[in-house]
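Asker: sequence plus predicted model, see below.
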Amino acid sequence: MTEMPEETDSAILERPGVRLVRDAIRAAGVADGVRVLAASAPTAAAAAEQLGCPVGAIANSLVFEADGVPLLVLTSGAHRVDTGALAGRIGVGSIRRASAEVVRAATGQAIGGVAPLGHPAPVRTLVDEDLAAYDVIWAAAGHHQTVFPTSFAQLVAAAGGTVVAVD
């Protein structure tokens, strides 16, 4: 069995999904600082370790279904999402983790690389208020090895998000 060659950073940055996110970042007035990580970062802790930042400064992009409608939650990497508490806060009956198919349909991106923007259509987005504690927040950029830096205010504005408590 032959091993596939590793993809170069420039090839990753030119992937269609990453290009869409980069275009959306620039359109939102955020500097295009998309960075390719040395390795996949399947967890916030793994991303934080590669970036040398606190795990709480990682904005996890988690897609749920709120009463059957896609919901993107940008939560601090230091949190898990208590779906029952969040459902009560936003006034929906239930929130459950979305399937990979729903994630791809709603965001155009695969789990592991879901960015807060660059989706085919707007997705209701909630932003964890605890991310405001960090001067620099790192979010996924459309591929499991890409991230970009932003501020809390830029993240909320670019994602069209609503700030909420997430625990």
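Answerer: On my side now, so go ahead.
Asker: between the two ends of stretch 28-39, what distance do you get?
Answerer: 27 Å (CA to CA, to the nearest Å).
Asker: how about residues contacting that stretch?
Answerer: Stretch 28-39 has contacts (CB atoms under 8 Å, 6 or more residues apart in numbering) with 9, 12-13, 18, 21-22, 25-26, 46-47, 50-51, 117, 141, 145-150, 154, 157-158. Just so you know, the C-beta spots here come from the backbone N, C-alpha and C atoms, and that holds for glycine as well.
Asker: one more: stretch 77-84?
Answerer: By CB under 8 Å, 6+ apart, stretch 77-84 touches 43-45, 47-48, 54-60, 62, 64, 73, 75, 94-97, 128, 130, 166-167.
Asker: list buried residues within the residues you listed.
Answerer: Buried members of the contacts of stretch 77-84, counted by 16 or more other CB atoms under 10 Å: 44, 47-48, 55-60, 62, 64, 73, 75, 95, 128, 130, 166.
Asker: which ones among those residues lie within helices?
Answerer: Among the buried ones among the contacts of stretch 77-84, the residues falling in helices (DSSP state H) are 44, 47, 48.
Asker: tell me the bridge partners for the residue nearest in space to the middle of the chain.
Answerer: Per CA atoms, centre = their mean, the C-alpha nearest to the average position across the chain is that of residue 61, at 3.1 Å. For residue 61, the beta-bridge partners are residue 74 (DSSP bridges).
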